[in-house]
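**Student:** Here is the input, now give the coordinates:
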Amino acid sequence: MRKTSSRLLALLALLQTRRQWSGEEVAERLGVTPRTVRRDIDRLRELGYPITSLKGTGGGYRLDAGAHLPPLLFDDDQAVALAVALQTAAAGTAVAEDAARALSTIRQVMPPRLRHRMDLLRVTATRPAGGSPDGARLDTRVLTELSRVVHTREELRFDYDRDRGTPDGRPRRAQPHHLVTWHGRWYLIAWDLDREDWRTFRADRVRPRTPTGPRFAPRPLPGGDASAFLAGRFRGNEGTTTDWPCRGEVVLGIPAAEVVPFARDGIVEELGPGRCRLTLGSWSWAGLAATIGRFDTDIEVVGPPQLAAAFADLAARCAKAARLDAPSARKDPGSGP
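**Tutor:** This next block holds a predicted model:
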């Protein structure tokens, strides 16, 4: 027979996977008698788990929502933050399935008021290849309010801090559509009522005002996908495509294994010993040439011609910077006049 502690954990796991269990089912699963099950249920109740006994043929047990989250005792903001983190982890990560199950388990034992707040949090998590998270502190209350107006389709009135906590001068009005994460930061995708165009706002710079505006009918987002729209905006287009404005192809004189870790969302193809093909995008041709130029190897431009011209311009600027024909550049700083 299992030890009491491990048996209690197994019993709790069963109660969390299904809404209701009969006493006989639990006893059979754990390999104990119904009397032992009753004693274990009492122990869990003593620990703060709200377990209801069901009457009727065979009886049964159900894990209900309580007044807190026993025995972890999260406060409201912590519970909401945990729900947000699990939603983010459940979107395209290696632990997506486990995160989704954990989110369902936590929701089941949340009191109704917290469960309602959690259900309002519908976020889209995007995790582009490469790069490291660049998170900014965000007040949970702001995040909850943005989630709420996205859910209820209410116009948002807010101040926007463009830089270093300085508002941009006047209140903004927008119809919020999506709350999205990108490289550890939160962004609000909204229709800007004053500019009559789609805009993305960093959530940590949004200062909501009260009261909110009237309800609105949602507009179709260009491309239809919030993640693709945000990726497209960050790549210099209107959000209808995730392609970079400038995209080129080169052959590098190093193995593909040395390129892959630094290729971000590029495509790397092994061509043989010590050679590979790299297809990469960027905001501009000059930026693309500079990015590829950081690889310490020979570079053969496959195309397009704009990339070759950008390499020529970059080479000319580098050559100019390296000229040492000025007398002050040739003089030994310590040699004196």
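
**Student:** what's next to stretch 194-203, contact-wise?
**Tutor:** 136, 138, 142-143, 146, 160, 172-174, 179, 185-192, 221-222, 229-230, 233, 239 (C-beta atoms under 8 Å, 6 or more residues apart in numbering). In this view, the C-beta of every residue, glycine as well, is placed from N, C-alpha and C.

**Student:** Might you list the low-confidence residue ranges for the stretch 1-150 of the chain?
**Tutor:** Low-confidence segments of the stretch 1-150 of the chain, defined by pLDDT under 70: 1-5, 56-58, 66-75, 88-99, 121-137.

**Student:** where along it do the helices fall?
**Tutor:** 4-17, 23-30, 34-46, 76-89, 96-109, 112-120, 140-152 (DSSP state H, counting those that start in this stretch).

**Student:** just so I know, which of those helices lies nearest Ala257?
**Tutor:** helix 96-109 (27.4 Å; C-beta to C-beta).

**Student:** could you say what helices and strands the closest one packs with?
**Tutor:** Judged by 3 or more C-beta pairs under 8 Å, 6 or more residues apart in numbering; DSSP states H and E, the packing partners of helix 96-109 are helix 4-17, helix 76-89.

**Student:** any chance of the ones you listed in TSV, plus mean neighbour count and distance to Arg202?
**Tutor:** Converted to TSV, the helices and strands packed on helix 96-109 look like this (neighbours: other C-beta atoms under 10 Å; distance: least, C-beta to C-beta, whole Å):
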stretch	mean neighbour count	distance to Arg202
helix 4-17	16	37
helix 76-89	18	16
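
**Student:** TSV please, covering the ones you listed and showing distance to Thr297.
**Tutor:** Formatted as TSV, these follow (distance: least, C-beta to C-beta, whole Å):
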stretch	distance to Thr297
helix 4-17	54
helix 76-89	38
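
**Student:** among these, which is nearest Leu47?
**Tutor:** helix 4-17 (8.2 Å).

**Student:** How about residues contacting that closest one?
**Tutor:** 1-2, 21, 26, 29-30, 32, 37, 40-41, 43-44, 49, 51, 61-63, 105, 108-109.

**Student:** any weak-confidence spans in the stretch 201-337 of the chain?
**Tutor:** Counting by pLDDT under 70, the ranges of the stretch 201-337 of the chain that qualify are 235-243, 324-337.

**Student:** Could you pull out the strands in it for me?
**Tutor:** Taking DSSP state E, counting those that start in this stretch, the strands of the stretch 201-337 of the chain run over residues 206-208, 246-252, 267-272, 275-282, 299-303.

**Student:** ok, back up a step: switch the helices of the stretch 1-150 of the chain over to a markdown table; also include distance to Arg205.
**Tutor:** Shown next, in a markdown table, are those (distance: least, C-beta to C-beta, whole Å):
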| stretch | distance to Arg205 |
| --- | --- |
| helix 4-17 | 39 |
| helix 23-30 | 51 |
| helix 34-46 | 45 |
| helix 76-89 | 18 |
| helix 96-109 | 28 |
| helix 112-120 | 21 |
| helix 140-152 | 10 |
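
**Student:** Looking at those helices, which is nearest to Val260?
**Tutor:** helix 96-109 (23.1 Å).

**Student:** got the angle between the longest helix along the chain and strand 275-282?
**Tutor:** Longest helix in the chain, counting residues (DSSP state H): helix 305-322. Interaxial angle of helix 305-322 relative to strand 275-282 (axes from the mean of the first three to the mean of the last three C-alpha atoms, to 10 degrees): 90 degrees.

**Student:** Report the buried members of the contacts of helix 4-17.
**Tutor:** Buried residues within these, counting neighbours by 16 or more other C-beta atoms under 10 Å: 21, 26, 30, 32, 37, 40-41, 44, 49, 51, 61, 63, 105, 109.

**Student:** Closest to Val268 out of these?
**Tutor:** Thr105 (40.0 Å).

**Student:** what residues are up against that closest one?
**Tutor:** Thr105 touches Gln16, counting by C-beta under 8 Å, 6+ apart.
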